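S.K.: curious how this folds, go ahead:
(one chain, ligands or ions: 1)
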Amino acid sequence: MTAHRLRLLDQSELRAAQDLFLAALHRPPISDADWTAATTYYDNSRTLGAFEGDRLIGTATSWASRLAVPGGATVPHAAISRVGVRADRTRRGVLSALLRSQLTQLREQGSVAATLRATEAVIYGRFGFGVASRGRTLVVDRRRSAMHGHAPAGGEVRLVDTDAFTSVLPTVFEAVGPQRPGWIQRWSGWWYRLGRPEPGETKVAAVHTGPHGDDGFVVYGVRRGGHGEKSVLTVRDLVAGSPQALAGLWRFLLRVDLVDEVVAELRPLDEPVDLMLADRRAGEVRAVHDETWLRLLHVPDALAARTYGEANPVVVEVADALLPANHGHYRIGPDGAEPTDEPAQLALDVTALAAAYLGDVAPSTLAAAGLVQVADPAALPNADRLFATGQVPWSGTYF
Ligand SMILES: CC(=O)SCCNC(=O)CCNC(=O)[C@H](O)C(C)(C)COP(=O)(O)OP(=O)(O)OC[C@H]1O[C@@H](n2cnc3c(N)ncnc32)[C@H](O)[C@@H]1OP(=O)(O)O
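M.R.: All right, here's what the predicted structure looks like:
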């Protein structure tokens, strides 16, 4: 452990926090021009710093947002990001102190859940985060990508100019709303970042209009290959409020000229784009990655906020070393969930609960992996039916 103290940063310290984070990711400091715009990233009342003397050695921030849970409700949620510790001060407990403080404060301030996207899978489990949604990488060979005749059709796609990144696109996003458990509300700085070009590529946005108005959009960039290299269109964001909007946006993407491959990362595991192609092998799933790392900050409220399937109730013991107020027995049934003194039939850590909470992993699968302890085997199929949602969870918002 190193001697350090924590406090919230003020406005004048946020750039140093940003540069510390960038350095931790092996990236250069932010430019003056980018910083002027990037100040919208930070909510300065929510950025924590760890100091050794006067020197900033670690940081973490979060944005206020909402998270959609099974059944359609949304709960107060904190999107945690910009986590970094100076390379010469790692493995001395700085992150542990930052997260303990941050998660405790967020709970006290009313956040029911926090989520993040992790650079490494080994970092956040010890703090009670579990993988609660995943996404797949779809690569489509554009020249073989004609859709079959039953793919939804109709609607129009139009290109929009760069102003749309902070005007039209957020409006469409709000109008489409939560489509699945795991959706999170976006914040203003997020949209600014979406509009920033990636190195070597221009960002283009196109909006789909269906029978009831704008109902989806895509943001993409194209990297032209040299002689003998592929030109690749990468989807940076795609929101579709209906199967027709999804098909319309993909039909548009697959017709963009001077492109060999269309790549879309972290898309929903069940998004039916490959099923819309006449040649199924033109679309290849290349990878599945973790997306949402979920931390249930207030377990009683989180369990009460979601709906459950039809099954006999089960009593579950939840363990939470970092936030012990969550520790306890909960009776979960079709009518809801509440704390109870009844003996537990199943026991799990808050990390495993996060994996089941949005419906990504069935309790029996977690039990098979040793992550749920089973006192009463009859409870396991009931827990599977209670936690099942019939929808694949997915956020779609990278931060
Ligand atoms: C949401 C986001 O922003 S994701 C971005 C996260 N940031 C990065 O990846 C940038 C590069 N990495 C870093 O800045 C740091 O290494 C951090 C933030 C990941 C970890 O900070 P540290 O101060 O070293 O973590 P801390 O010392 O509190 O470690 C706590 C425990 O986690 C372990 N741990 C932390 N990071 C890692 C890691 N990357 N790999 C393996 N174990 C790790 C430590 O070994 C320690 O284990 P122990 O309690 O058994 O001894």
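S.K.: give the contact list for W293.
M.R.: T115, L116, R117, A118, Y124, F129, G130, V131, A132, A354 (C-beta atoms under 8 Å, 6 or more residues apart in numbering). Any C-beta I mention is one placed from the backbone N, CA and C, and that applies to glycine too.
S.K.: which pLDDT value belongs to the closest residue to G130 other than its chain neighbours?
M.R.: Leaving aside its chain neighbours, G130 sits nearest to A354 (3.2 Å; criterion: C-beta to C-beta, 6 or more residues apart in numbering). We have a pLDDT of 98 for A354.
S.K.: hmm, A354 is touching F129, no?
M.R.: Yes - counting by C-beta atoms under 8 Å, A354 touches F129, with 6.5 Å between them.
S.K.: so which residues on the protein come close to the ligand?
M.R.: 24-25, 80-85, 90-96, 116, 118-120, 122-123, 126 (C-beta under 6 Å from any ligand atom).
S.K.: need the helices for the stretch 151-300 of the chain, in chain order.
M.R.: For the stretch 151-300 of the chain, the helices defined by DSSP state H, counting those that start in this stretch occupy 168-176, 188-195, 243-253, 299-305.
S.K.: in terms of mean pLDDT, which of those helices ranks lowest?
M.R.: Across the helices of the stretch 151-300 of the chain, helix 188-195 has the smallest mean pLDDT, namely a mean of 87.
S.K.: let me see the domain layout of the protein.
M.R.: The chain is divided into the following domains under automatic domain parsing: 5-132, 135-179+186-290, 299-387.
S.K.: what's the closest non-adjacent residue to the residue of the stretch 251-399 of the chain found nearest the ligand?
M.R.: As assessed by C-beta to the nearest ligand atom, the ligand sits closest to W293 within the stretch 251-399 of the chain, at 7.7 Å. With sequence-adjacent residues excluded and distances taken as C-beta to C-beta, 6+ apart, W293 is closest to F129, at 4.2 Å.
S.K.: neighbours of that neighbour, how many?
M.R.: Residues near F129, counting by other C-beta atoms under 10 Å, number 25.
S.K.: flag the shaky bits of this structure, pLDDT-wise.
M.R.: 1-2 (pLDDT under 70).
S.K.: rewinding a little: overlap of the contact sets of A354 and F129?
M.R.: W293, L294, R295.
S.K.: looking at these, which is nearest Q18?
M.R.: W293 (21.6 Å; C-beta to C-beta).
S.K.: the residue nearest to the spatial centre of the chain bridge partners, please.
M.R.: By C-alpha atoms, centre = their mean, the chain has its centre lying nearest to T292, at 4.0 Å. Counting by DSSP bridges, T292 is bridged to S133.
S.K.: who touches stretch 337-349?
M.R.: The contact list for stretch 337-349 (C-beta under 8 Å, 6+ apart) reads 128, 300, 303-304, 308, 314-320, 328-331, 356, 363, 366-367, 371-376, 378-380, 383.
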